[in-house]
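*Asks:* build me a structure from this.
(chains A and B)
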Amino acid sequence: MAIEILMPALSPTMEEGTLAKWLVKEGDVIEAGMVIAEIETDKATMEFEAVDEGIMGKILIPEGTEGVKVNMPIAVLLDEGEDADTIPEPAAAPVAAPAPAPEAIPAQAAAPVEITTPQDPEIPEGTEMKPTTVREALRDAMAEEMRRDETVYLMGEEVAQYQGAYKVSQGLLDEFGEKRVIDTPITEHGFTGIAVGASFGGLKPIVEYMTFNFAMQAMDQIVNSAAKTLYMSGGQMGAHIVFRGANGAASRVGAQHSQDYAAWYAQIPGLKVVMPYSAADAKGLLKTAIRDPNPVIFLENEILYGQTFDVPVLDDYTIPFGVAKIWREGTDVTIVSFGIGMKYALEAADRLAQDGISAEVIDLRTLRPMDTATVIKSVMKTNRCVTVEEGWPVGSIGNHISAVLMQEAFDYLDAPVINCTGKDVPMPYAANLEKLALVTTDEVVQAVHQVTYR
Amino acid sequence: MAAKKPSKKSNVSKDELLKFYREMLLIRRFEEKAGQLYGMGLIGGFCHLYIGQEAVVVGLEATTKEGDNRLTSYRDHGHMLACGMDPKGVMAELTGREGGYSKGKGGSMHMFSKEAHFYGGHGIVGAQVPIGAGLAFADKYKGNDNVTFTYFGDGASNQGQVYETFNMASLWKLPVIFVIENNHYAMGTSLERGSSTPELYTRGQAFGIPGESVDGMDVLAVKAAGEKAVAHCRAGNGPYILEMVTYRYRGHSMSDPAKYRSREEVQKMRAEHDAIDHVRQILLQGKYASEDDLKAIDKEIKAVVNDSADFARESPEPDPSELWTDIYADAQPSDKTEK
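*Replies:* Numbering: from 1, shown residues only, chains lettered A, B, ... in the order given. Okay, the predicted model is just below:
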């Protein structure tokens, strides 16, 4: 009986990959556990082992094919005596699927609402744009700043030889050497304290946490030592330091690896907090963070790492903190979000446009300082506001924005602000429950209908 | 720990003996004054006095050179005086006044001086240990031969981050001297009740860090051990542990009734092992100084301490606008709508 060999998922967030190399050919005898192919994900090249034994009957996907979807048949294994010619062709050949580029979604022809995207003031008109993943943009930002300033260095778990657990630091060890790209033991509390001390000593460390879940081990050094020393020393010494890494839910990694810390850190005076969505913002804001003389929490997202956006080709592209970005202009409602929440916000705005509702979508980009002025100005025009974030509802960023709007724009509000958030539960593992726990585009659309009374 | 004869280990000149006497006495008189001001309500919050432990920091400071760093826990007044910080600025910080080292915003536990390479003043037990290793990391990165003296107590020596730091300091050969000031009590818990192994100088063995136990009531022994540790670090051999066996005469903080030990135990240490008496005896027996000479020094120190107390009382409270300064190095408000 012929057995189909399927494209494997090699990480929690992998949806497709490249079949880099076949290590066997048709007719070869395959034993279970034998390495038969090399598969490249956006994070690494992995060896793929056969699970069953048999004879390689037919290779369905030639090596070098990009964009092979997880679970697609890539080869057929035969029992002895079976004939390769009897194998039916697979239903559809794989096609390379372009990564989603949210800003490129065209307005629906039938939609009664026009979608307009304002020109980014940080990017001169006519600038060449280059499609770049968030992962590459972050790496480029670090590399540029390390070239610019000898005192900038990177430390964290697996940042050097392994090239980054999520491949964000790929190539940095080769370029900058082990003095400036430093693998640490798995001791977040200790190496965070060492980095804070190094910053007091005049260096500008970038501390990578494999994920921000592990930074809880280091919370005392981040809050008590990094954030408060400038104040406690009467301005004599502070921490010029960046703490960065993946934050929030990835996919199916359960409660201890899926927390969004945006609201936690945003609460602390002395810290600056950045949470970019697009690759361009990731680059421009990380460069600014590395130059900032204060401790900066830089919250990335594993799901966004592999997504591609246009990044301006500029020698030195930096984005100031405390300036929100209006992704779409609108008149009926203001949707405020940041980080991966922008994905839901923009999807919702598209769907609402089809229903004739014009949504203005604001990406806060930095949570401390927070550009509430842009939000207030927008709400004075739209009179309604929905906030979107992945974190928990109690004491959320949405709560803060609601309070600010109540105090500063009460007379302009025609409906209570609705906060769309992750559910008030630890992240479940089961696929269906995880979906239920996360904020969804449907919920955002529904909330907008609620505040617009239509 | 005889208080009668000079230590054989160190060749110390008359001038240096007098300097030690003067510096230790300054710390003791300063702390006594701080205790008084606390009793008068001029100093608030927590206030941890260093009385009894003076020889540790004075002996080690004698081994430092320009550019070396030091940092410690919240029991930090003595360290600041020993590294040359102005008693007025320290006392005014204790009273929370504008003239304090942190403009009154840090208090007893959180004081710093960039100029003196004094990096705090840390209120969280053990938190200064990785920070000290980080300062050493920066020196190594910059390629100089400075060392960092990272002081912590017997209580902190049980903190997890201390061992994370030992591992990395040894792995990366950081020029840091871990000075464990073992005063026998982690607040109210005696060493024996809180530490599975009371020989704290051996705590680095698992990480390949050499360590030794030193009579921390003997300033000459402290200096001799310090010189050895400093030479080891400056030569690029990595970290070193010095366990300074010492004793604090006062409670953990001003509000500690110290019921966990007997009055006799404290009196015995004071009478038989006092660090200042030790140097005083050497000076007198060696005829390096007369009773009158020492009286003159006492008087001089008393005047310095009284001046610092006067300054700390007269210096105004910080301007209310100081509430909003020094939060960010670039003075950026946290929220565009605030203020």
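*Asks:* which parts of the chain are helices?
*Replies:* Let's take chain A. With DSSP state H, the ranges of helices along chain A come out as A:134-148, A:172-176, A:188-200, A:219-220, A:229-232, A:262-266, A:279-291, A:302-305, A:341-354, A:372-382, A:397-408, A:431-437, A:441-452.
*Asks:* hmm, no, I was thinking of chain B.
*Replies:* Shown for chain B, the helices assigned by DSSP H span residues B:14-39, B:54-61, B:77-82, B:87-94, B:128-142, B:160-171, B:191-194, B:219-234, B:263-273, B:275-285, B:291-314.
*Asks:* in JSON lines: the ones you listed, plus mean pLDDT and mean neighbour count.
*Replies:* Backbone N, C-alpha and C define where each C-beta goes, glycine included. Converted to JSON lines, the helices of chain B look like this (pLDDT from 0 to 100; neighbours: other C-beta atoms under 10 Å in any protein chain shown):
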{"stretch": "helix B:14-39", "mean pLDDT": "97", "mean neighbour count": "20"}
{"stretch": "helix B:54-61", "mean pLDDT": "98", "mean neighbour count": "29"}
{"stretch": "helix B:77-82", "mean pLDDT": "98", "mean neighbour count": "28"}
{"stretch": "helix B:87-94", "mean pLDDT": "98", "mean neighbour count": "25"}
{"stretch": "helix B:128-142", "mean pLDDT": "98", "mean neighbour count": "28"}
{"stretch": "helix B:160-171", "mean pLDDT": "98", "mean neighbour count": "23"}
{"stretch": "helix B:191-194", "mean pLDDT": "94", "mean neighbour count": "14"}
{"stretch": "helix B:219-234", "mean pLDDT": "98", "mean neighbour count": "22"}
{"stretch": "helix B:263-273", "mean pLDDT": "93", "mean neighbour count": "13"}
{"stretch": "helix B:275-285", "mean pLDDT": "96", "mean neighbour count": "21"}
{"stretch": "helix B:291-314", "mean pLDDT": "98", "mean neighbour count": "15"}
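*Asks:* if I pick A:Glu125, what's in contact with it?
*Replies:* By C-beta atoms under 8 Å, 6 or more residues apart in numbering or on different chains, the contact set of A:Glu125 is A:Gln119.
*Asks:* pLDDT score for it?
*Replies:* pLDDT, A:Glu125: 87.
*Asks:* count of residues packed around B:Asp86?
*Replies:* Using other C-beta atoms under 10 Å in any protein chain shown, the number of residues around B:Asp86 comes to 17.
*Asks:* separation between it and B:Glu115?
*Replies:* Distance, B:Asp86 to B:Glu115, by C-beta to C-beta, to the nearest Å: 10 Å.
*Asks:* so which of the helices of chain A is the most surrounded?
*Replies:* helix A:188-200 (a mean of 30; mean count of other C-beta atoms under 10 Å in any protein chain shown).
*Asks:* list the helices and strands that one packs on?
*Replies:* With contacts taken as 3 or more C-beta pairs under 8 Å, 6 or more residues apart in numbering or on different chains; DSSP states H and E, helix A:188-200 sits against strand A:152-156, strand A:204-211, strand A:241-246, helix B:128-142, helix B:160-171.
*Asks:* let's have the ones you listed in JSON lines, adding distance to A:Pro185.
*Replies:* Formatted as JSON lines, the helices and strands packed on helix A:188-200 follow (distance: least, C-beta to C-beta, whole Å):
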{"stretch": "strand A:152-156", "distance to A:Pro185": "11"}
{"stretch": "strand A:204-211", "distance to A:Pro185": "13"}
{"stretch": "strand A:241-246", "distance to A:Pro185": "16"}
{"stretch": "helix B:128-142", "distance to A:Pro185": "12"}
{"stretch": "helix B:160-171", "distance to A:Pro185": "6"}
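*Asks:* closest one to A:Val445 among those?
*Replies:* Closest approach to A:Val445 among those (C-beta to C-beta): strand A:241-246, 27.6 Å.
*Asks:* name every strand pairing with that closest one and say which way it goes.
*Replies:* Strand A:241-246 sits in its sheet next to strand A:204-211 (parallel), strand A:295-300 (parallel), going by DSSP bridges.
*Asks:* my guess is A:Asn454 contacts A:Ile357. True?
*Replies:* Small correction: residue A:454 is Arg, not Asn. Yes. A:Arg454 is within contact range of A:Ile357, at 7.2 Å (criterion: C-beta atoms under 8 Å).
*Asks:* show me where the stretch 251-400 of chain A dips below the pLDDT cut-off.
*Replies:* The stretch 251-400 of chain A contains no residues with pLDDT under 70.
*Asks:* pop out the phi and psi values for the residue lying closest to B:Gly226 once chain neighbours are set aside.
*Replies:* Nearest non-adjacent residue to B:Gly226, counting by C-beta to C-beta, 6 or more residues apart in numbering or on different chains: B:Thr63, 3.9 Å away. Backbone geometry at B:Thr63, expressed as degrees, to the nearest 10, gives phi -100, psi 0.
*Asks:* OK, contacts around A:Ile55?
*Replies:* By C-beta under 8 Å, 6+ apart, the neighbours of A:Ile55 are A:Gly27, A:Asp28, A:Val29, A:Ile30, A:Leu77, A:Leu78, A:Asp79, A:Glu80, A:Glu82.
*Asks:* in a markdown table, list the strands paired with strand A:241-246 along with mean neighbour count.
*Replies:* Listed next are the strands paired with strand A:241-246 as a markdown table, based on neighbours: other C-beta atoms under 10 Å in any protein chain shown:
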| stretch | mean neighbour count |
| --- | --- |
| strand A:204-211 | 25 |
| strand A:295-300 | 28 |
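*Asks:* make CSV out of the helices of chain A and add distance to B:Glu54.
*Replies:* Below are the helices of chain A laid out as CSV (distance: least, C-beta to C-beta, whole Å):
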stretch, distance to B:Glu54
helix A:134-148, 45
helix A:172-176, 46
helix A:188-200, 26
helix A:219-220, 30
helix A:229-232, 25
helix A:262-266, 41
helix A:279-291, 43
helix A:302-305, 54
helix A:341-354, 57
helix A:372-382, 53
helix A:397-408, 50
helix A:431-437, 59
helix A:441-452, 65
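*Asks:* nearest to B:Asn237, of the ones you listed?
*Replies:* Using C-beta to C-beta as the measure, helix A:188-200 is the one of those that comes nearest B:Asn237, at 18.7 Å.
*Asks:* quick one, that closest one and helix B:160-171 angle?
*Replies:* Comparing the axes of helix A:188-200 and helix B:160-171 via axes from the mean of the first three to the mean of the last three C-alpha atoms, to 10 degrees yields an angle of 70 degrees.
*Asks:* closest one to B:Thr197 among the helices of chain A?
*Replies:* Nearest to B:Thr197, of all those, is helix A:188-200, at 20.7 Å by C-beta to C-beta.
*Asks:* residue contacts, residue 182?
*Replies:* This is for chain A. Shown in contact with A:Ile182 (C-beta under 8 Å, 6+ apart): A:Tyr153, A:Leu154, A:Met155, A:Gly156, A:Val159, A:Ala160.
*Asks:* was after chain B, sorry
*Replies:* Contacts for B:Asn182 (C-beta under 8 Å, 6+ apart) come out as B:Gly153, B:Asp154, B:Ser157, B:Leu191, B:Leu200, B:Gly216, B:Glu243, B:Met244, B:Val245, B:Thr246.
*Asks:* give me phi/psi at the last one?
*Replies:* Main-chain torsions, B:Thr246, degrees, to the nearest 10: phi -140, psi -170.
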